[in-house]
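Engineer: how would this look folded up:
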Amino acid sequence: MRLALRSPRDFWLGMIYLFAGAAGSWAAQDLPFGSGARMGAGYFPTIITIGLILFGLASVARAFVITGEAIGTIAWKSLGLILGAGLAFAVLVERAGFVVAASALLFIAATASQQFRFSWTATLGAVALVTGCALLFIKVLGLPMPAVGPVLQSVLPGRSGS
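Structural biologist: Alright, predicted model coming up:
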């Protein structure tokens with residue numbers, strides 16, 4: 001029986017998953033794992049990287065069994081916008097706060113789609129999503145990030161600049 005690559009798209013997707021899983025596993029190797037009841041800093045990254053590796057192995061195996069599509073062209077503009085959205089969030093979250101950073105992330109990532117059109121319903125959905133995430137991450141989970149950063153605190157009514 002001869003092994004033949006039948007789905008290049010599945011193969012390379014699996015390789016990306018395997019690479020990301022291996023890189024994440026390497027990055028988390030020095031973090032304490034802990035246990036299910038008392039999770040350490042390395043618990044979640046390790047579980048996620050195991051999942052990535054399993055998905056990668058399944059995708060690579062699938063590439064040799066099921067006939068699939070060839071790799072198409074890379075949408076460089078969309079790829080750049082998605083990466084830029086994550087970078088914008090990282091840059092803005094401490095300076096302008098979670099609300100502005102998450103809003104920028106949503107808007108920039110949405111423009112990566114060819115079907116993106118401004119609409120009031122999408123805007124209301126984005127406002128609800130950002131509000132829900134802010135409440136969840138900042139209030140419920142207590143993550144140490146400002147809802148509104150120092151750049152905006154001085155211009156908001158009822159807030160002091162200090």
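Engineer: tell me which residue lies nearest the centroid of the chain.
Structural biologist: Taking C-alpha atoms, centre = their mean, the centroid of the chain lies closest to G86, which sits 7.4 Å from it.
Engineer: what segments of the chain are helices?
Structural biologist: In the chain, the segments counted as helices under DSSP state H are 8-27, 43-65, 76-95, 98-110, 120-134, 150-153.
Engineer: Y17 versus A63, what's the distance?
Structural biologist: From A63 across to Y17, the span is 12 Å (C-beta to C-beta, to the nearest Å). The C-beta positions use only the backbone N, C-alpha and C, and glycine is treated the same way.
Engineer: re the thing from before, mind checking which of the helices of the chain is nearest G36?
Structural biologist: Closest approach to G36 among these is made by helix 43-65 (8.0 Å; C-beta to C-beta).
Engineer: what helices or strands is that closest one leaning on?
Structural biologist: helix 8-27 (3 or more C-beta pairs under 8 Å, 6 or more residues apart in numbering; DSSP states H and E).
Engineer: verify the stated contact: M15 with G56.
Structural biologist: Yes - if you go by C-beta atoms under 8 Å, M15 and G56 touch, sitting 7.0 Å apart.
Engineer: between these two, who's got more neighbours?
Structural biologist: Counted by other C-beta atoms under 10 Å, M15 and G56 do not tie: G56 has more neighbours, with 20 against 14.
Engineer: chain neighbours aside, what residue packs nearest to I48?
Structural biologist: Among residues not flanking I48 along the chain, G24 sits closest, at 6.6 Å (C-beta to C-beta, 6 or more residues apart in numbering).
Engineer: quick one, which of the helices of the chain is packed in tightest?
Structural biologist: Neighbour counts (mean count of other C-beta atoms under 10 Å) averaged over each of these peak at helix 98-110, with a mean of 20.
Engineer: tell me the angle that one makes with helix 76-95.
Structural biologist: With axes from the mean of the first three to the mean of the last three C-alpha atoms, to 10 degrees defining the directions, helix 98-110 sits at 180 degrees from helix 76-95.
Engineer: now the angle between helix 120-134 and helix 98-110, please.
Structural biologist: Counting by the same axes, to 10 degrees, helix 98-110 points 130 degrees away from the direction of helix 120-134.
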